[in-house]
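Trainee: Have a look at this fold, sequence not included:
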């Protein structure tokens, strides 16, 4: 399964569903750097910066719903528990975030 960063500040697809033990590959097809960061407290603990053109593969072994975002174009709001877009993002009304659903 591949999650793309197209020529915009977003992850495509937003929702990626896999079984435990599967790999997910993130590919940055944009000219900007992006990151894949788990929301605070998530057990998956993703934390990787993707340079333009870079591909990164991770094995997912923890079942559950795992939300992630790009810290260069979005931020996690601890008061609301939600990801919000930064004003400098391509789409300041849509946060650059995604969801990984990992089934047992």
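Mentor: Done, it's in. Keep in mind that this is a model prediction, so the values were computed, not measured.
Trainee: Go ahead and confirm residue 77 touches residue 95.
Mentor: No: in this structure, residue 77 is not within contact of residue 95 by Cβ atoms under 8 Å, at 9.7 Å. (Each C-beta comes from the backbone N, C-alpha and C, glycine too.)
Trainee: got the buried residues for the helix or strand encompassing residue 23?
Mentor: Taking DSSP states H and E as the criterion, the element that holds residue 23 is strand 22-28. Buried residues in strand 22-28, counted by 16 or more other Cβ atoms under 10 Å: 22, 24, 26-28.
Trainee: Check stretch 38-50 too.
Mentor: Within stretch 38-50, the residues that count as buried by 16+ other Cβ under 10 Å are 38-39, 42, 44, 46, 50.
Trainee: Repeat that for stretch 86-99.
Mentor: So, applying 16+ other Cβ under 10 Å, buried residues of stretch 86-99: 89, 94-98.
Trainee: re the thing from before, what's the overlap in contacts for residue 77 and residue 95?
Mentor: 83-84 (Cβ atoms under 8 Å, 6 or more residues apart in numbering).
Trainee: so who does residue 9 touch?
Mentor: Neighbour list for residue 9: 30, 32, 34, 70, 73, 85, 89-91, 96 [criterion: Cβ under 8 Å, 6+ apart].
Trainee: between those residues, which is closest to residue 56?
Mentor: The closest of the contacts of residue 9 to residue 56 turns out to be residue 34 (Cβ to Cβ; 10.4 Å).
Trainee: which strand residues sit across from that closest one in the sheet?
Mentor: residue 50 (DSSP bridges).
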